[in-house]
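Student: dropping the sequence and predicted coords here.
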Amino acid sequence: MPQASGPIGVFDSGYGGLTVFKEIVKELPDYDFIYLGDNARVPYGTRSFETVYKYTWECVQQLFDLGCNLVILACNTASAKALRSIQQNDLPQLNDLRKVLGVIRPTAEVVGSYTKSGNVGILATPGTVASRSYVIEIAKFFPEISVFQEACPMWVPLVENNEINNPAADYFVKKNLDNLFAVNPEIDTLVLACTHYPLLINKIREFAGPNVQIISQGELVAKSLNEYLKRHAEVEALCSKNQHQTFYTTECCSDFDKKATLFLGRELQSKQLIF
Ligand code: DGL
C-alpha cells in the first residue's frame with residue numbers, strides 16, 4: 001500500500017521549539033503540522049546521551065503513529081544527541097520514506113556569512129556543548145572559523161518560569177556572555193543554539209553590545225526546510241496541506257496552553273499524549 005500523506009511533526013523537549021514552529025508555519029503556511037512538547041520530561045539539556053536519545057526516539061515514534069512522515073527535531077539537544085542514531089540506525093529499519101531532520105546543520109551552513117572576524121560563539125545547553133556538534137558541523141562548512149562554546153544551564157529554567165524580565169535573568173545572561181568574551185573578545189557572532197534563548201534576545205543584545213550579530217534559528221530552519229521540500233519531491237508529496245495545526249504535550253494541557261502563548265504569541269489548545 002502506498003504511504004499516506006500526513007502532517008509535518010515538530011518536536012521539542014518542551015515549549016522552546018514553538019519559536020521554530022512559528023517560523024516554519026510562516027514559511028510553509030499551507031502544510032499541516034503537529035507540535036509535540038515532551039514537557040513531562042523537560043529539560044533534556046542536562047541529561048545523558050542515552051536518555052536524550054531514548055526520549056527523543058520515543059517521541060518521534062509517537063509522531064509517526066499520529067501520521068507524520070517528516071519530523072523536525074526543533075530542539076538542539078535532541079538534534080545533537082539523538083539525530084544521528086535515529087537517521088543511521090532506526091530509520092533504515094522502517095524501510096519507507098519517513099524522515100527526521102534537525103536544527104544544527106541548517107544553522108552551521110550559514111554561520112560563515114555572518115562573521116567578519118571569523119570568531120563565532122555558541123550559546124547552548126550543557127548537553128549541546130558537550131556533544132561538540134556545532135564545532136564539528138561548522139568545521140565541515142567553514143574550517144577557517146574558530147568556534148567558542150558557552151553552556152548556559154540557567155537560561156532554560158529562567159525562560160520556562162517566565163523570569164526573563166527579572167534581575168536574575170540579567171545576572172545569568174551577563175555572567176555567561178562575560179565568560180565567553182573573556183575567552184575571545186573578537187567574537188562578533190553569537191548563535192542562540194537553544195530554542196528557548198530567543199526569548200532572552202533583548203538581554204543578550206544588551207550585554208553583547210551593538211557590534212555583535214545574533215543568530216536566532218527559527219527563520220533559518222524554516223527556510224532550510226522549504227528548500228529541502230523543493231529538493232525532495234518524494235518527501236514533499238507525503239506532507240498533507242490543509243492548514244491544520246495540532247499541539248500535543250506529554251504534561252498537563254492547561255499549563256502548556258498558558259505558557260505556550262508566550263512562545264507562540266497566540267492562544268492555542270493542546271491535547272495530552274500519554275505513552
Ligand atoms: N529545547 C532545548 C534545546 O534547544 C532546550 C531545553 C532543554 O534543556 O530541554 O536545546
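Tutor: Yep, it's here.
Student: hey, let's count contacts and neighbours off CA atoms from now on
Tutor: Will do.
Student: ranges for the helices of this protein?
Tutor: 18-27, 49-65, 76-81, 83-85, 91-94, 104-108, 126-131, 133-141, 155-160, 167-183, 201-208, 217-231, 233-236, 253-264 (DSSP state H).
Student: mind telling me which residue of the stretch 151-275 of the chain is nearest the ligand?
Tutor: Cys194 (3.5 Å; CA to the nearest ligand atom).
Student: residues contacting that residue?
Tutor: Counting by CA atoms under 8 Å, 6 or more residues apart in numbering, Cys194 makes contact with Gly16, Cys75, Asn76, Thr77, Leu123, Ala124, Thr125.
Student: reformat the residues you listed as a markdown table; add neighbour count.
Tutor: Output for the contacts of Cys194, formatted as a markdown table (neighbours: other CA atoms under 10 Å):
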| residue | neighbour count |
| --- | --- |
| Gly16 | 27 |
| Cys75 | 30 |
| Asn76 | 32 |
| Thr77 | 36 |
| Leu123 | 23 |
| Ala124 | 27 |
| Thr125 | 27 |
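Student: quick check: the farthest pair among those?
Tutor: Gly16 and Leu123 (14.6 Å; CA to CA).
Student: what is the burial count for Arg231?
Tutor: Per other CA atoms under 10 Å, the neighbour tally for Arg231 reads 11.
Student: what score does it have for pLDDT?
Tutor: Listed pLDDT for Arg231 reads 98.
Student: what residues are up against it?
Tutor: Arg231 neighbours (CA under 8 Å, 6+ apart): none.
Student: quick revisit: of all the helices of the chain, which one is nearest Gln149?
Tutor: helix 126-131 (6.4 Å).
Student: return the residues of the stretch 1-150 of the chain in contact with the ligand.
Tutor: Asp12, Ser13, Gly16, Val42, Pro43, Tyr44, Gly45, Cys75, Asn76, Thr77, Thr125 (CA under 6 Å from any ligand atom).
Student: can you rerun that using 8 Å?
Tutor: 12-17, 42-46, 74-78, 124-125, 127-128 (CA under 8 Å from any ligand atom).
Student: could you report the neighbour count for the residue nearest to Ala82 when sequence neighbours are not counted?
Tutor: Nearest non-adjacent residue to Ala82, counting by CA to CA, 6 or more residues apart in numbering: Tyr53, 4.4 Å away. Using other CA under 10 Å, Tyr53 is surrounded by 23 other residues.
Student: one more: Gly121?
Tutor: Neighbours around Gly121, by other CA under 10 Å: 23.
Student: quick check, it in contact with Leu190.
Tutor: Yes: here Gly121 reaches Leu190: they are 4.7 Å apart, a contact under CA atoms under 8 Å.
Student: hmm, who's touching stretch 20-37?
Tutor: For stretch 20-37, using CA under 8 Å, 6+ apart, the contacting residues are 6-15, 17-18, 59, 63, 68, 74, 195, 217-219, 221-223, 225-226, 239-250, 264.
Student: go again with 7 Å.
Tutor: 7-15, 74, 218-219, 222-223, 239-250, 264 (CA atoms under 7 Å, 6 or more residues apart in numbering).
Student: buried among those? Make that a ChimeraX selection.
Tutor: Those of these that count as buried under 16 or more other CA atoms under 10 Å are selected in ChimeraX with:
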select :7,8,9,10,11,12,13,14,15,74,218,219,222,223,239,240,241,247,248,249,250,264
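Student: so which of the contacts of stretch 20-37 are in strands?
Tutor: When the contacts of stretch 20-37 are checked against strands (DSSP state E), the matches are Ile8, Gly9, Val10, Phe11, Asp12, Gln245, Thr246, Phe247, Tyr248, Thr249.
Student: burial of Glu251, as a residue count?
Tutor: 19.
Student: what's the closest non-adjacent residue to it?
Tutor: Nearest non-adjacent residue to Glu251, counting by CA to CA, 6+ apart: Ala40, 4.8 Å away.
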